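Engineer: Provided below are the primary sequence and the corresponding predicted coordinates.
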Amino acid sequence: MKDWPAPITPLRDPQPLLARVRHEWGGREDLWVFGYASLLWNPEFDADEHRPATVRGWHRALRMASRINRGTPDHPGLVLTLERGGSCRGLAFRLGASVTRADLAKLWRREM
């Protein structure tokens, strides 16, 4: 039987992935962000538009250990994450191409 909660993986630096996203997106067009948990009721950013959305092949699950949002370094808490299988309803937020690097970094810190 699998241990629960799952062992905590070492902290990962989200900056290289953010740099890759910035490079691939390039700010040349609007950016769509899918919200399935706290972004639904507290996005902390101004979206130009939002629409109901469903992601197929992924479902919401309380399976990610967090040292920040719902816990401490010594006692992590569980937060929602997306896992393979099923589907997940949420909102798609459209951020204008003029979204600043600082705004994107703030969103990245919160969600990644």
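Structural biologist: Thanks, I have the structure now.

Engineer: going by C-alpha atoms from here, please, whenever you check contacts or count neighbours.
Structural biologist: Will do.

Engineer: what about stretch 88-106, start to end distance?
Structural biologist: Counting by Cα to Cα, to the nearest Å, you get 24 Å between the two ends of stretch 88-106.

Engineer: quick one, strands of the protein?
Structural biologist: Secondary structure of the chain (DSSP state E): strands at 31-35, 49-66, 77-95.

Engineer: mind listing what's buried in the second one?
Structural biologist: Counting neighbours by 16 or more other Cα atoms under 10 Å, one finds that the buried residues in strand 49-66 are Thr54, Val55, Trp58, His59, Arg60, Arg63, Met64, Ala65, Ser66.

Engineer: before we move on, the earlier item: got a markdown table for the strands of the chain, with distance to Pro14 and mean pLDDT too?
Structural biologist: Output for those, formatted as a markdown table (distance: least, Cα to Cα, whole Å; pLDDT from 0 to 100):
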| stretch | distance to Pro14 | mean pLDDT |
| --- | --- | --- |
| strand 31-35 | 17 | 93 |
| strand 49-66 | 15 | 93 |
| strand 77-95 | 16 | 94 |
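
Engineer: any chance of those strands in a markdown table, plus distance to Leu18?
Structural biologist: Output for those, formatted as a markdown table (distance: least, Cα to Cα, whole Å):
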| stretch | distance to Leu18 |
| --- | --- |
| strand 31-35 | 14 |
| strand 49-66 | 19 |
| strand 77-95 | 16 |
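
Engineer: do you know which of these lies nearest Ala19?
Structural biologist: strand 31-35 (14.9 Å; Cα to Cα).

Engineer: which neighbouring elements make contact with that closest one?
Structural biologist: Where contact means 3 or more Cα pairs under 8 Å, 6 or more residues apart in numbering; DSSP states H and E, strand 31-35 is packed against strand 77-95.

Engineer: find the residue at the geometric middle of this structure.
Structural biologist: The structure's the chain has its C-alpha centroid closest to Glu111; by Cα atoms, centre = their mean the separation is 3.8 Å.
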